[in-house]
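Visitor: Here's my sequence, what's the structure:
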Amino acid sequence: MERLIGRKYECDELSRVMRSSRSEFVILYGRRRIGKTFLIRSFFDDKFDFHFVGAHGMKASFQLKTFRRELVHASGNAQLPEFGNWMEAFEYLEQYLDNLDAKRRKVLFFDEMPWIDTKQSDFVVAVEYFWNSWVSRRDDIVLIACGSATSWMVEKLKDNQGGLHNRITRQIYLRPFTLQECREYLADRGFNWGAYQIIQCYMILGGVPFYWSLLEPQFSLPQNIDRLYFRKEGTLRYEFDELYNALFSKAERYIRIVSALASRKEGMTREEICEATSMSGGTLTKMLANLEHCDFITSYIQFGNRSKTAIYRLTDFYTLFYFKFLRDEQSFDEDFWMHHFLTPQVAAWQGRTFELVCLCHLSQIKRALGISGIETHASSWRYVPGKSFVRRQGLPDKGAQVDLIIERMDRVIHLCEMKFSEGKFAITKEYEEHLRERLEIFRQVTRTKKALVHTFITPEGIAPGMHSAIVHSEVTATDLFAAK
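Guide: Just a heads-up that it's a prediction; the model follows:
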């Protein structure tokens, strides 16, 4: 088994679980392919008292049959009867656990638990009864429930209002790798890529460990991308449908939402999503929440928006890459990335996607700015003037946009510019004038009295020059690659 990279907090939490003097009900959830199973298997060295994996799309009878098989394997009792329902299955699990050494902790690992909960199976009811009637009277059981269908994990376990209400003792949400963790992972597998290449790769794969595990060190980055995405047999060429169908029932409705969001870099309000997808009401609200729970979209409030209307933005790197370069199969070229990665089209896409990479590393940006200990609020801002409104309010008649604003509680606001360039970024006279004009538009429209400063986030920093003095502070790739 490969070495476990990162995940220090999660391993510390599992260590506390094993040192605990009570029985523990742990839920581990996060996006599909994020490494949940690998974390648990690595931490426990594949040593479980009982381990069961749900089967996607299979009926309760099949799930019960495989549950019995695993219990026979764990207990060595081949005489177990066929289980007719989940209450009976857990009853025999109790009998098996009762015969184990009472002085040590027993670890039960239920992987892909959402897939076990088939329609009208009463699986969750059986889990509730198992915990409340048997486990709660003991202090030696560690039950780990793991699942990629994050919405199910949250609704059925974390926010359960029935028999499992307040029974979950630990929650571990597994997040994507950071740039630093991706670099460590590559180094561990013999790669010698620099920061610039790793950022380029992050724009395509995000921080999903499984995707990074598919890279081969003997190939360049463009060769790897062609091999995974553009070859007919590419592992990730057809990942999109599998990804969404494995996570969501009626996946086509979720795909309509992310398709709409993919067309709007700046994001959309709920009302705009409703108009674009012809979906509304509680159904749309739940689907947006499910997508956000699974790290596919992010909602945020725009700076100065008193109505608190949320803006939803598609933030899953794989999905964004799919919609940009794969969905319409714009090319049958199996070496598409090798032939196009230096084109203006890809350069423009990288410029936009680098902004998202930065948004995923806000804690590293704050540390680089020396404001980790200061309370801050991150947001974006867009001003679109309306003629009558401009005349009435005396506001500028020119629009402006800032993709990342860091507002500090000590009355300083960072207007962040994120620029992806291979060398140092040079600020021209025209660009300096644009920055000054935008700052004044921001000041007039928001009427803020706080100090406004320009912060640049670039891989190699700002090139010295007569126009670079407008930059108050810089964040470079070295800062983005810092540990959490």
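Visitor: Once you drop chain neighbours, what's closest to the most centrally placed residue in the chain?
Guide: Most central in the chain under Cα atoms, centre = their mean is Asp295, positioned 3.7 Å from the mean C-alpha point. Leaving aside its sequence neighbours, Asp295 sits nearest to Arg31 (Cβ to Cβ, 6 or more residues apart in numbering; 4.6 Å). Any C-beta I mention is one placed from the backbone N, CA and C, and that applies to glycine too.
Visitor: Let me know how buried Arg367 is, in neighbour terms.
Guide: 17 (other Cβ atoms under 10 Å).
Visitor: got a pLDDT number for it?
Guide: On pLDDT, Arg367 comes in at 95.
Visitor: Pretty sure it sits against Phe481.
Guide: No - using Cβ atoms under 8 Å, Arg367 makes no contact with Phe481, being 11.6 Å away.
Visitor: give me the number of residues near Ile27?
Guide: Ile27 has 23 nearby residues by other Cβ under 10 Å.
Visitor: doesn't it fall inside a strand?
Guide: Yes - assigned with DSSP: H, G, I helix; E, B strand; the rest coil, Ile27 falls within a strand.
Visitor: pretty sure it is touching Glu155, no?
Guide: No - counting by Cβ under 8 Å, Ile27 does not reach Glu155; the two are 11.7 Å apart.
Visitor: Which element is encountered next along the chain beyond the worst-scoring helix or strand of the chain on mean pLDDT?
Guide: Across the helices and strands of the chain, mean pLDDT, DSSP states H and E gives its lowest value to helix 387-393, namely a mean of 53. Using DSSP states H and E, the next helix or strand after helix 387-393 towards the C-terminus is strand 400-408.
Visitor: list the buried ones in that following strand?
Guide: Across strand 400-408, burial judged by 16 or more other Cβ atoms under 10 Å covers 400, 402-408.
Visitor: Ok, stretch 124-132 next?
Guide: Result for stretch 124-132 [16+ other Cβ under 10 Å]: buried residues 124-131.
Visitor: Stretch 234-246 now?
Guide: Result for stretch 234-246 [16+ other Cβ under 10 Å]: buried residues 234, 236-237, 239-240, 243-246.
Visitor: Could you do stretch 473-484 as well?
Guide: Within stretch 473-484, judged by 16+ other Cβ under 10 Å, the buried ones are 473-477, 479-481.
Visitor: and what of stretch 287-295?
Guide: In terms of neighbour count (16+ other Cβ under 10 Å), stretch 287-295 has its buried residues at 287-288, 290-295.
Visitor: Pick out whichever of those residues sits closest to Leu205.
Guide: Nearest to Leu205 among the buried residues of stretch 287-295 is Asp295, at 13.7 Å by Cβ to Cβ.
Visitor: ok, the closest one touching Phe317?
Guide: No - between Asp295 and Phe317 there is no contact under Cβ under 8 Å: 10.2 Å.
Visitor: if we can go back for a sec, closest to Lys8 out of the buried residues of strand 400-408?
Guide: Closest to Lys8, out of all of the buried residues of strand 400-408 and judged by Cβ to Cβ, is Ile406, at 26.1 Å.
Visitor: quick one: contacts for that closest one?
Guide: Going by Cβ atoms under 8 Å, 6 or more residues apart in numbering, Ile406 touches 362, 365-366, 369, 371, 376-378, 413-414, 416, 455.
Visitor: which non-adjacent residue is nearest it?
Guide: Closest residue to Ile406 apart from its sequence neighbours, by Cβ to Cβ, 6+ apart: His414 at 4.1 Å.
Visitor: So for the helix or strand containing Trp212, what gets flagged as buried?
Guide: In the assignment (DSSP H and E), Trp212 maps to helix 209-213. Within helix 209-213, the residues that count as buried by 16+ other Cβ under 10 Å are 209, 211-212.
Visitor: The residue nearest to Asp295: what's it in contact with?
Guide: Counting by Cβ under 8 Å, 6+ apart, Arg31 has contacts 148, 150, 174, 176, 208, 294-296, 316.
Visitor: With secondary structure, distance to Arg69 and pLDDT as new columns, can those residues be given to me in JSON lines?
Guide: Converted to JSON lines, the contacts of Arg31 look like this (DSSP: H, G, I helix; E, B strand; the rest coil; distance: Cβ to Cβ, whole Å; pLDDT from 0 to 100):
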{"residue": "Ser148", "secondary structure": "coil", "distance to Arg69": "23", "pLDDT": "86"}
{"residue": "Thr150", "secondary structure": "helix", "distance to Arg69": "28", "pLDDT": "79"}
{"residue": "Leu174", "secondary structure": "coil", "distance to Arg69": "28", "pLDDT": "93"}
{"residue": "Pro176", "secondary structure": "coil", "distance to Arg69": "34", "pLDDT": "93"}
{"residue": "Val208", "secondary structure": "coil", "distance to Arg69": "31", "pLDDT": "96"}
{"residue": "Cys294", "secondary structure": "coil", "distance to Arg69": "30", "pLDDT": "85"}
{"residue": "Asp295", "secondary structure": "coil", "distance to Arg69": "33", "pLDDT": "86"}
{"residue": "Phe296", "secondary structure": "coil", "distance to Arg69": "34", "pLDDT": "93"}
{"residue": "Asp316", "secondary structure": "coil", "distance to Arg69": "36", "pLDDT": "95"}
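Visitor: As TSV, those residues with distance to Thr446 would be great.
Guide: Shown next, in TSV, are the contacts of Arg31 (distance: Cβ to Cβ, whole Å):
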residue	distance to Thr446
Ser148	41
Thr150	35
Leu174	37
Pro176	32
Val208	37
Cys294	33
Asp295	30
Phe296	31
Asp316	31
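Visitor: how about the strands in the chain?
Guide: According to DSSP state E, the chain carries its strands in the segments 24-29, 50-53, 106-111, 141-147, 170-173, 268-269, 297-301, 310-314, 376-383, 400-408, 412-418, 451-457, 473-475.
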